[in-house]
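how would this look folded up:
(3 chains)
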Amino acid sequence: MKPALFSVLCEIKEKTGLSMRNAQEEESQDPQLVRLDNMLLAEGVAGPEKGGGAAAAVSAATSSGGMSPDSSLEHSDYKSKLSQIRNIYHTEMEKYDQACSEFTTHVMNLLREQSRTRPVSPREIERMVAIIHRKFSSIQTQLKQSTCEAVMILRSRFLDARRKRRNFSKQATEVLNEYFYSHLANPYPSEEAKEELAKQCSITVSQVCNWFGNKRIRYKKNIGKFQEEANIYAMKTAIVATQSEDSPHTPNSTGSGGFSLTGPDLFLGVPPMNGEQPVYMGAQTNGNWQGQNTPPSATSPGNDHSEESD
DNA sequence: AGAAATGATTCGGC
DNA sequence: GCCGAATCATTTCT
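Numbers count the residues shown, from 1 in each chain, chains lettered A, B, ... in the order given. Presented below is the predicted three-dimensional model:
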């Protein structure tokens, strides 16, 4: 009588209860999980310990924007923050794993004990374990998700160049200003000139572009404010020009490129007194540069400063 | 602390 | 693809 009742109860259990919510949504959230896993792996958070993956990812991402060579500090900062995240991720993950297995054994023991008083089929145990694992893995998925978010935030913080802007060195701005004011009639450096300037200033070509873009627009917006600066640099170039006239060799020691930094006939030769009158008269300073932008092909030096001939 | 300066980004036009 | 313009985010000056 007793075994018969037992088997009946087993059958009932088989058809109801735990069997209903079974291997279903397991597949549905898989793609997302895979994506998260891949992302974490790519960022160097998951996967092998202390891999170069993180650094590689950073350098790959930053190389497109162009960074100054002193970015190693930021990189180490980024790496330390990333390893912090990784540590948290791994310890949490381990904790969950441990908790999961502990809970599983606990439940198994319970079921084993219960099996003395009621029918507990091995399939029921299996399902129970599966449910527990699913629950814990969903928690782990949440952890993965938030870790991903943290990494993304970290990346955006470190990769957004505006956040870690550094002023250029004094020497660099000097070089750029010299070029700008000696080519005030047409302050659009050619590709070669940009590269040369970038080399001289230890910055990237795109930074040179940014600088000239900013300079042009800010100069045009407020010419008066830049008058003094213009005078200073005009003086400098004038001095360089006279020096180059005196000596047979050109003092453009840096000149491996195809442009000259001197524009002597833009300077009127009046000393920059503190008077109101503008001393320096770069040809077209009325803001109408546009239109006289020389095409990129015209990079031949010598015919550099051909301003307002009429 | 607030203003000014400055380098970088975004967007629309050509 | 470059440029001007507007804007953002940070640094430097006051």
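
how deep is residue A:114 tucked in, by neighbour count?
The tally of other residues near residue A:114 (other CB atoms under 10 Å) stands at 12. C-beta coordinates here come from the backbone N, C-alpha and C atoms, glycine included.

sorry, that was for residue A:121
By other CB under 10 Å, the residues close to residue A:121 number 15.

Could you do residue A:190 as well?
Neighbourhood size, residue A:190 [other CB under 10 Å]: 19.

Quick check: pLDDT value at residue A:65.
Note for residue A:65: predicted pLDDT of 38.

I meant to write residue A:163 there.
pLDDT, residue A:163: 69.

next one: residue A:4
Per-residue confidence at residue A:4 stands at 62 (pLDDT).

Repeat that for residue A:236.
Residue A:236 is given a pLDDT of 82.

Chain neighbours aside, what residue packs nearest to it?
residue A:178 (6.4 Å; CB to CB, 6 or more residues apart in numbering).

residues near that neighbour, how many?
Neighbours of residue A:178 (other CB under 10 Å): 21.

and if you look at residue A:245?
That count, for residue A:245 with other CB under 10 Å as the rule, works out to 11.

Look up how far residue A:82 lies from it.
58 Å (CB to CB, to the nearest Å).

Confidence-wise, which helix or strand of chain A is lowest on average?
helix A:53-65 (a mean of 43; mean pLDDT, DSSP states H and E).

Mind checking what helix or strand follows that one in sequence?
helix A:72-114 (DSSP states H and E).

and the next helix or strand after that following helix, is it in reach of DNA strand B?
Next in sequence after helix A:72-114, counting helices and strands by DSSP H and E, comes helix A:122-159. No - between helix A:122-159 and DNA strand B, judged by CB under 7 Å from any atom of the strand, nothing touches; the nearest distance is 8.0 Å.

what do you get for stretch A:195-208?
Yes - Stretch A:195-208 reaches DNA strand B (CB under 7 Å from any atom of the strand) through A:203, A:206, A:207.

What are the buried residues along that stretch?
Using 16 or more other CB atoms under 10 Å as the test for burial, stretch A:195-208 gives A:196, A:197, A:198, A:200, A:201, A:203, A:204, A:205, A:207, A:208.

Pretty sure the fourth one sits against residue A:175.
Yes - in this structure, residue A:200 is within contact of residue A:175 by CB atoms under 8 Å, at 4.9 Å.

how close does residue A:116 get to DNA strand C?
According to CB to the nearest atom of the strand, to the nearest Å, residue A:116 stands 65 Å off from DNA strand C.

what do you get for residue A:231?
Distance from residue A:231 to DNA strand C, by CB to the nearest atom of the strand: 18 Å.

Can I get the helix or strand hosting that residue as CSV, trimmed to CA atoms?
Using DSSP H and E, residue A:231 sits in helix A:223-246. C-alpha atoms of helix A:223-246 as CSV (Å, rounded to 0.1, in the frame of the first residue of the first chain):
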residue,chain,number,x,y,z
ILE,A,223,41.1,91.8,-33.6
GLY,A,224,41.8,94.5,-31.1
LYS,A,225,42.5,92.1,-28.4
PHE,A,226,45.2,90.4,-30.4
GLN,A,227,46.9,93.6,-31.7
GLU,A,228,49.6,93.5,-29.1
GLU,A,229,50.3,89.9,-29.7
ALA,A,230,50.4,90.5,-33.4
ASN,A,231,52.9,93.3,-32.9
ILE,A,232,55.2,91.1,-30.7
TYR,A,233,55.2,88.3,-33.2
ALA,A,234,55.6,90.6,-36.1
MET,A,235,58.6,92.1,-34.4
LYS,A,236,60.1,88.6,-33.9
THR,A,237,59.6,87.6,-37.5
ALA,A,238,61.0,90.9,-38.6
ILE,A,239,64.1,90.3,-36.6
VAL,A,240,64.5,86.9,-38.0
ALA,A,241,64.0,88.2,-41.4
THR,A,242,66.7,90.8,-41.0
GLN,A,243,69.0,88.2,-39.6
SER,A,244,68.5,86.0,-42.5
GLU,A,245,69.3,88.9,-44.8
ASP,A,246,72.6,89.5,-43.1
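
and that helix, is it in reach of DNA strand B?
Yes - Helix A:223-246 reaches DNA strand B (CB under 7 Å from any atom of the strand) through residue A:225.
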